[in-house]
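> Fold the following and give me the result.
(chains A, B, C and D)
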There are 2 protein chains.
Amino acid sequence: MLDDEDFAPQPNISDLLVAQASEHAKLADSDVAALREVHARKRVLTPGDDVVHQGERPAVAVMVLEGMLARYHTLSSGERQYLSFHLRGNLPDIQSLFLHVMDHSLCALDEAVIAVFPHDQMRRMFLSRPNVALAFWRLTLVDAAVFRQAITSNGARSHTGRLAHLFCEIIVRAREAHIANGWSCALPLSQGQLGQALGMSHISVNRAMQWLRRERLVEFRKHKLEVLDWTGLARIAGFDPTYLHIDR
Amino acid sequence: MLDDEDFAPQPNISDLLVAQASEHAKLADSDVAALREVHARKRVLTPGDDVVHQGERPAVAVMVLEGMLARYHTLSSGERQYLSFHLRGNLPDIQSLFLHVMDHSLCALDEAVIAVFPHDQMRRMFLSRPNVALAFWRLTLVDAAVFRQAITSNGARSHTGRLAHLFCEIIVRAREAHIANGWSCALPLSQGQLGQALGMSHISVNRAMQWLRRERLVEFRKHKLEVLDWTGLARIAGFDPTYLHIDR
DNA sequence: CGCAGTATTGAAATTTCTCAAGCCGAGTGG
DNA sequence: CCACTCGGCTTGAGAAATTTCAATACTGCG
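As a prediction, the model looks like this:
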């Protein structure tokens, strides 16, 4: 069977991991070498596949290589609340290294490919290479900042504001991860799922979407997001990219 | 002027810091010694005082000694969204060590006392004592888990569910921090502020509160929370303490 | 005592959700 | 190639939840 790499070159796992860490701390050559020592397995997911489930105690952590993953809570009612979305390079369950039982689940939203790292290898590396630990720590801190924004979106923004804000965040992060095409990128979510992320019904999502469309701010069709008017969209969203901490 | 300690013995700063770190990682004697080397300043706050403000680049991090602090976002409209509440022992802006510009503010909710630690001392310690770094890392991960719950509360729970959930979280954390008195503890928030935390109007908070009261689940008067029926409250809230990761 | 901030109440205005139906496009099997 | 189905999108309208507005208590404090 042919590997994807024959068609669309996938980033090398180690390269991506090093790139990710380097965004968050100044690494010495020895740090980079240590990172390259980490042994990863690749895994392909189909839409809806759970990587880990709420309550489990995983022994591995993953990095997104292709496609999109999401974290979500399952309420006792069975209702689902999406918590965050994860693009190439993200490590959406790195916290499981230290928080042993999962307080949420992680699933694939589309056809996705992930790299799987054993916990013990990572832990060993963090103890021997404090710099690397700090890099990944910072990465989890940015995660937390994104959660904070979501609280504010769900708590204080209008429906259109929420949707616009999510679109802003996704496109900025996609561009940052070099998986955007100018001002458009993949966003494999239905309106129903958007509702489960933003705390609104799919009907409300639909109406907010139409408003953004009528104002010629964004286009969203067939799982593809296209920002038509960045300035306008960011204004409606009240979007301030500070919280993504793309500086260091 | 008399020090508070003459009346209500305040925990020693170093002890509290060590206790906090020990909850999250197994520390060697040398780790503890290093922690005790950190030099802290004490600071007293009055209700409403900001410790750091959104946009600033603090050079220090703080730990709560007495009273309660809160993180919050300020929207362009001027509206405020509370993000989290912090009790004795919490380090509510430790992330500022690595995320240099604050994406939110931190304020005192009542008369509060904090310990102030210079960033550079902490950073030095983290590099020389990876174990300690891991302990504080874990602490920020629990923080993130609490944010995730807040997303779900604001997004998917009923009004009474949200209020009940917040109450559950606060009482559990207060008991954990040994600042509760059985099933009651301080909670220096007005109904309006609760609304700004839970994404609902103060009227709705009032009505949810009355419902919880009528059901004899909780009592909340004069900034004091009293849980009358823990099981009932937790059921209404859909509260599962897993996310607080009080295990290790 | 009176002020300021908070809590409470009722009712109208508004938003949001639910329900129900129709539509559209992609994929399937005859 | 077309009819059919399924899922997701769209629309409208009534029901329900929520907010806003307005007025009235209550409380601690100077």
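
> What ranges in chain A fall below the confidence cut-off?
A:1-11, A:248 (pLDDT under 70).

> run the last query once more with 50
By pLDDT under 50, the low-scoring segments of chain A are A:1-8.

> Just give me the residue closest to the centre of it.
Centroid-nearest residue in chain A, with C-alpha atoms, centre = their mean: residue A:86, separated by 1.5 Å.

> Unless I'm misreading it, that one sits right up against residue A:65, doesn't it?
No - the pair residue A:86 / residue A:65 is not scored as a contact, 11.1 Å apart, by C-beta atoms under 8 Å. Where you see a C-beta, it was placed from the backbone N, CA and C, and this is true even at glycine.

> so what sits against both of those two?
With C-beta atoms under 8 Å, 6 or more residues apart in numbering or on different chains applied, the contact sets of residue A:86 and residue A:65 do not overlap.

> List the residues that contact the residue nearest to the centre of chain A.
A:64, A:68-71, A:92.

> 7 Å - rerun?
By C-beta atoms under 7 Å, 6 or more residues apart in numbering or on different chains, residue A:86 lies in contact with A:64, A:68-70, A:92.

> again, but for residue A:107
The contact partners of residue A:107, taken as C-beta under 7 Å, 6+ apart, are A:48-51, A:69-70, A:72.

> Which pair in these has the greatest spatial separation?
By the measure C-beta to C-beta, A:49 and A:72 form the most distant pair in the contacts of residue A:107, at 12.9 Å.

> Run through the residues of chain A sitting next to DNA strand C.
A:158-159, A:199-201, A:203-204 (C-beta under 7 Å from any atom of the strand).

> and which of those is nearest residue A:167?
residue A:159 (12.9 Å).

> picking that back up, so residue A:49 and residue A:72 - more neighbours on which side?
residue A:72 (20 against 16; other C-beta atoms under 10 Å in any protein chain shown).

> can you tell me the helix or strand for that one?
Following DSSP states H and E, one finds residue A:72 within strand A:69-74.

> buried set for the helix or strand just after that strand?
Per DSSP H and E, the first helix or strand lying C-terminal to strand A:69-74 is strand A:80-86. By 16 or more other C-beta atoms under 10 Å in any protein chain shown, the buried positions in strand A:80-86 come out as A:80-86.

> and if you look at stretch A:182-191?
Quick answer for stretch A:182-191 (16+ other C-beta under 10 Å): A:183-189, A:191.

> Over to stretch A:100-112?
Buried, per 16+ other C-beta under 10 Å, within stretch A:100-112: A:102-110, A:112.

> likewise stretch A:88-100?
Buried residues in stretch A:88-100 (16+ other C-beta under 10 Å): A:88-99.

> Need the residues that contact it.
With contact meaning C-beta under 7 Å, 6+ apart, stretch A:88-100 is reached by A:16, A:19-20, A:52, A:57-58, A:61-66, A:69, A:71, A:86, A:102, A:106, A:119, A:122-123, A:136, A:139-140, A:177, A:179, B:137-138, B:141-142, B:144-145, B:245.

> Kindly provide the distance from residue A:54 to residue A:72.
Using C-beta to C-beta, to the nearest Å, one gets 8 Å for the distance from residue A:54 to residue A:72.

> Please report the distance of the nearest residue to residue A:83 once chain neighbours are set aside from residue B:135.
Closest residue to residue A:83 apart from its sequence neighbours, by C-beta to C-beta, 6 or more residues apart in numbering or on different chains: residue A:71 at 4.3 Å. Look at residue A:71 and residue B:135: by C-beta to C-beta, they are 24 Å apart.

> Narrow the contacts of stretch A:88-100 to just the buried residues.
Counted by 16+ other C-beta under 10 Å, the contacts of stretch A:88-100 give A:16, A:20, A:52, A:58, A:61-66, A:69, A:71, A:86, A:102, A:106, A:119, A:122, A:136, A:139-140, A:177, A:179, B:137-138, B:141-142, B:144-145, B:245 as buried.

> hey, where'd the helices end up in chain A?
Ranges of helices in chain A, per DSSP state H, are A:13-22, A:29-37, A:119-128, A:130-156, A:159-176, A:191-198, A:202-214, A:230-237.

> Which positions in chain A make contact with DNA strand D?
Contact residues (C-beta under 7 Å from any atom of the strand) of chain A with DNA strand D: A:190-192, A:202-203, A:206-207, A:209-210.

> Among those residues, which one sits closest to residue B:239?
Checking the residues of chain A next to DNA strand D against residue B:239 by C-beta to C-beta gives residue A:192 as the nearest, at 26.6 Å.
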